[in-house]
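Chemist: Next input, structure requested:
(one chain, ligands or ions: 1)
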Amino acid sequence: MKVLFVAAEAFPLAKVGGLADVTSSLAIALHDLGHELHLMLPRYSDITVPAQNVPKGNITVNFMGNYEPVSLKVTSLKKRIPVYLVENDHYFGTKEIYTRDDLERFLFFSLTVPALISQAGLHPDIIHCHDWHTALIPLWLKKAKMKVPSIFTIHNLAYQGSFDQQFFLESGLSSVWQKSISPSSPEPSLNFMSQGILLADILTTVSPTYASEILTPQYGVGLEHLLDYRSKELFGIINGIDSDEYNPATDLYLERNYDSSTVERRVGNKLALQKKAGLPQNPDIPLIGMVSRLEEQKGIDLILQSIDRLIAQTRAQLVILGEGREHYHRLLGEAALKYRDRISVFVARDERLARLIYGGCDIFLMPSRFEPCGLGQLIAMRYGAIPVVRHTGGLADTVKDLTDGNGNGFVFQDFTASEMQEAIKRAEESFYHQMDWKNLMRHNMKLDFSWRTSARKYQEIYLRARTMSRVQQLQ
Ligand code: GLC
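Modeler: Below is the predicted model:
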């Protein structure tokens with residue numbers, strides 16, 4: 001099948017979070033299954049394109065009172081997958097992937113997609129849209145009378161592209177808005193995501209547990225009724241990771257390479273990480289690592305509430321890498337100053353350091369409030385770090401508590417500081433039994449978190465969407 005992915009992020013061209021890893025690694029996995037994959041994303045100013053790039057398309061769009069020129073440049077992913085970059089200086093002349101004007105920027109972006117597909121002569125069998133930035137595409141396809149089946153994947157329901165009445169009117173969206181698809185379907189709320197949920201042929205999200213969680217008021221962020229209405233066409237497919245890219249045996253960013261038969265070499269990474277973090281270098285102290293966007297979703301509040309206790313009641317060191325809300329940067333920075341020889345915080349996005357954390361820490365912490373899938377715990381396990389996670393979304397699907405038999409980590413249920421502390425304490429105790437701990441590391445490193453199974457599930461979804469649209473056309 002010829003499949004076109006449309007997204008705001010794709011690694012390594014443009015990345016803020018896990019969305020970027022998934023769009024490109026899933027595209028590669030599907031390509032390796034024999035499909036023809038294409039990607040389309042905005043051209044942010046620091047994406048370079050090969051010199052003398054001949055545009056695959058040029059259009060002018062009348063948008064919010066202005067004529068905007070758009071051209072389609074081409075580059076590639078791993079030299080195998082063509083990537084089409086939608087270029088317009090006014091909206092995407094910035095280095096930043098996300099700015100304060102995202103509603104307008106991604107409205108514009110999604111609006112250009114059908115015309116650019118035609119101009120470039122792409123003729124995809126499937127259009128696969130990722131997250132709210134592309135959620136209007138099924139609507140635009142409908143308006144353009146293009147009969148290609150659309151898939152919409154929710155990577156995070158918390159970001160919906162919500163707007164007010166004024167934007168609704170001024171942007172022209174009010175005149176095309178799809179209110180419902182049948183008399184019984186709930187009204188979509190004023191955000192991009194609701195249109196994707198209503199109009200895409202098939203909906204997916206990134207883990208089975210999250211797929212059922214989002215049908216409840218606790219996790220549905222106001223869209224639970226609409227999702228419930230479409231629940232027959234909603235599927236949860238767990239994300240994989242690119243197991244060539246994330247391989248401790250070959251990872252060039254690590255201080256020492258190792259595999260499940262040489263886990264003792266891993267200590268070289270731990271010592272290097274302790275040094276880099278300015279913490280005492282001692283292999284016997286349990287080292288907790290975290291690589292995360294520093295947002296409310298990720299449970300940073302639980303960590304802040306727990307710091308004094310963890311310092312008093314464990315011997316553990318803590319290394320955190322990530323960026324996000326200013327407020328968290330400041331409070332975590334203060335904690336690191338207060339406990340210099342126990343806590344180290346790097347406010348940055350740094351792939352090299354991230355790998356050293358995966359390959360050097362003993363315990364990997366993800367106390368998320370909600371987690372559609374989560375990739376950190378998968379990478380951590382592949383690198384032999386034992387996860388401590390909250391039982392939610394993809395974390396619940398991939399990490400089972402050790403007490404449940406055949407477990408692979410430490411899991412807590414309720415989003416409270418005391419439950420998290422208890423799970424960390426249990427992990428610390430286990431760490432001191434090094435024989436068993438090393439066996440657990442070896443066990444986890446051999447688990448399969450590749451795309452193998454999940455890419456096939458997407459393939460089934462595509463086939464289903466094609467059959468559905470054929471049936472619809474016959475009716
Ligand atoms: C978002 C979600 C995360 C998921 C990722 C890729 O970043 O928060 O849980 O793993 O998308 O699907």
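
Chemist: and the stretch 151-300 of the chain, which of its residues are near the ligand?
Modeler: Within the stretch 151-300 of the chain, the positions adjacent to the ligand are His155, Asn156, Val206, Asn239 by CB under 6 Å from any ligand atom. For every residue, glycine as well, the C-beta is placed using N, CA and C.

Chemist: Skipping its backbone neighbours, what lies nearest the second one in space?
Modeler: Excluding its sequence neighbours, the residue lying closest to Asn156 (CB to CB, 6 or more residues apart in numbering) is Pro372, at 5.3 Å.

Chemist: can you count the residues close to that neighbour?
Modeler: Using other CB atoms under 10 Å, the number of residues around Pro372 comes to 29.

Chemist: if I pick it, what's in contact with it?
Modeler: Taking CB atoms under 8 Å, 6 or more residues apart in numbering, we find Pro372 in contact with Ile154, His155, Asn156, Leu157, Thr205, Val206, Ser207, Tyr210, Gly393, Gly394.

Chemist: ok, and the closest non-adjacent residue to the residue of the stretch 1-150 of the chain found nearest the ligand?
Modeler: For the stretch 1-150 of the chain and the ligand, the shortest gap (CB to the nearest ligand atom) falls at Gly18, measuring 3.0 Å. What sits nearest to Gly18 in space, not counting adjacent residues and going by CB to CB, 6+ apart, is Leu375, at 4.7 Å.

Chemist: For Ser25, see how far away that neighbour is.
Modeler: 9 Å (CB to CB, to the nearest Å).

Chemist: intersection of neighbour lists for the two?
Modeler: Counting by CB under 8 Å, 6+ apart, the common neighbours of Leu375 and Ser25 are Ile241.

Chemist: host element of Glu429?
Modeler: helix 417-431 (DSSP states H and E).

Chemist: So for the helix or strand following that helix, mean pLDDT?
Modeler: Once the chain leaves helix 417-431, the next helix or strand it forms, by DSSP H and E, is helix 434-445. The average pLDDT within helix 434-445 is 98.

Chemist: Extract the CA atoms of helix 434-445 and return them as CSV.
Modeler: Taking Å, rounded to 0.1, in the frame of the first residue of the first chain, the C-alpha atoms of helix 434-445 are listed here in CSV:
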residue,chain,number,x,y,z
GLN,A,434,22.4,-7.8,43.0
MET,A,435,22.1,-11.4,41.8
ASP,A,436,18.4,-11.2,41.3
TRP,A,437,18.6,-7.6,40.1
LYS,A,438,21.1,-8.6,37.3
ASN,A,439,18.8,-11.5,36.3
LEU,A,440,15.9,-9.0,36.0
MET,A,441,18.0,-6.7,33.9
ARG,A,442,18.9,-9.6,31.6
HIS,A,443,15.3,-10.7,31.4
ASN,A,444,14.1,-7.2,30.4
MET,A,445,16.8,-6.7,27.9
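
Chemist: hey, where'd the strands end up in the stretch 351-475 of the chain?
Modeler: In the stretch 351-475 of the chain, the strands defined using DSSP state E, counting those that start in this stretch lie at 363-366, 386-390, 410-412.

Chemist: Who are the contact partners of the residue nearest to Gly18?
Modeler: Leu375 neighbours (CB under 8 Å, 6+ apart): Gly18, Asp21, Val22, Asn239, Ile241.

Chemist: Excluding chain neighbours, what is closest to the residue of the stretch 201-350 of the chain found nearest the ligand?
Modeler: Of all residues in the stretch 201-350 of the chain, Val206 sits closest to the ligand, at 4.1 Å by CB to the nearest ligand atom. Computed as CB to CB, 6+ apart, the closest residue to Val206 that is not its neighbour in sequence is Cys373, at 3.7 Å.

Chemist: what's the answer for Ser174, then?
Modeler: For Ser174, the spatially nearest residue (CB to CB, 6+ apart) is Phe168, at 4.9 Å.

Chemist: That concludes my questions; thank you for your assistance.
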